[in-house]
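Chemist: sequence and predicted structure, then a few things I'm wondering about:
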Amino acid sequence: MKSFLCHRWWSLTVTRAIRATGKRGTEAALAGTLAALSAAGCSSTGASSGLDSSRSSAAVDRLHLLVTAIALEMDGKPGPDGFGARIYASSRNLAAATPIRSGRLEVLMYDGSVKPEEMAAVKPLQTWVFEPKQLRALTQQTSIGTGYRFALAWGENKPSQNRVTIVAKHFSENGAEVVSAPGIVPLISN
């Protein structure tokens, strides 16, 4: 599932970036895409086994984070001010991505490139928190199951470096934490 998600997401992202930037920005879009592909992770770590598609929901065991290849201009003013992301939750008990029906989902943005082992010591520049009720409006059914689509603007918390690191976290009601692999979003401005 990881390979399919990554390849499909990135092919759509590259196509959209090239269309959005036009001929003049194609090189920047491709450079951002290549940088993101080489640095971004698409799923959390951990083995997934014993898939059973007969159950309709289960505990979240893994998060699959897909981010846009470059930062997005979202407010009509020149310069990047946000990014897009898709998040899929999965369980070893299900063959398809599962809806998040309990706990909370957080999307964290760090200034610059931050390695997973450094994240505990670094304060996120921005954190977005979503309860299951809020996620319903962001739900998208796909051929691989339920996913969540986000367009997140950082507002006043503008990054000072040329890229941001994005991580998704799910906290269950019993306190268990599942963390995605990080994704890198380059900040390219024309």
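Modeler: Structure's in. What do you need? Everything numeric in this text was worked out from a predicted model, so none of it was measured.
Chemist: quick one: contacts of stretch 75-87?
Modeler: Residues from elsewhere that reach stretch 75-87 (Cβ atoms under 8 Å, 6 or more residues apart in numbering): 9, 63-68, 70-74, 105, 107, 109, 140, 147-155, 158, 164, 166, 168, 180, 183, 185, 187-190. The way it works is simple: take the backbone N, C-alpha and C, and place the C-beta from them, glycine included.
Chemist: let's see that with 6 Å instead.
Modeler: 65-68, 71-74, 147-154, 168, 185, 187, 189 (Cβ atoms under 6 Å, 6 or more residues apart in numbering).
Chemist: ditto for stretch 155-171
Modeler: The contact list for stretch 155-171, computed with Cβ under 6 Å, 6+ apart, reads 60, 63, 65, 67, 87, 103-114, 125-126, 177-180, 182-187.
Chemist: endpoints of it, how far apart?
Modeler: One end of stretch 155-171 sits 25 Å from the other (Cα to Cα, to the nearest Å).
Chemist: how about the secondary structure of Gln134?
Modeler: Secondary structure of Gln134, reduced to three states by DSSP: H, G, I helix; E, B strand; the rest coil: helix.
Chemist: just give me the neighbour total for it.
Modeler: Neighbourhood size, Gln134 [other Cβ atoms under 10 Å]: 13.
Chemist: contacts only, for it.
Modeler: For Gln134, the contact set (Cβ under 6 Å, 6+ apart) is empty.
Chemist: could you list the low-pLDDT ranges of this structure?
Modeler: For the chain, applying pLDDT under 70 flags the ranges 1-58, 189-190.
Chemist: and the strands in it, which stretches?
Modeler: 62-67, 82-90, 104-111, 126-130, 139-142, 145-153, 163-171, 177-179, 183-186 (DSSP state E).
Chemist: format the ones you listed as TSV; extra columns: distance to Glu118 and mean neighbour count.
Modeler: Below are the strands of the chain laid out as TSV (distance: least, Cβ to Cβ, whole Å; neighbours: other Cβ atoms under 10 Å):
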stretch	distance to Glu118	mean neighbour count
strand 62-67	17	25
strand 82-90	20	24
strand 104-111	9	21
strand 126-130	17	16
strand 139-142	32	12
strand 145-153	22	17
strand 163-171	9	24
strand 177-179	13	17
strand 183-186	14	23
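Chemist: can I get these in a markdown table including distance to Ala96?
Modeler: Formatted as a markdown table, the strands of the chain follow (distance: least, Cβ to Cβ, whole Å):
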| stretch | distance to Ala96 |
| --- | --- |
| strand 62-67 | 12 |
| strand 82-90 | 8 |
| strand 104-111 | 18 |
| strand 126-130 | 21 |
| strand 139-142 | 9 |
| strand 145-153 | 3 |
| strand 163-171 | 17 |
| strand 177-179 | 17 |
| strand 183-186 | 22 |
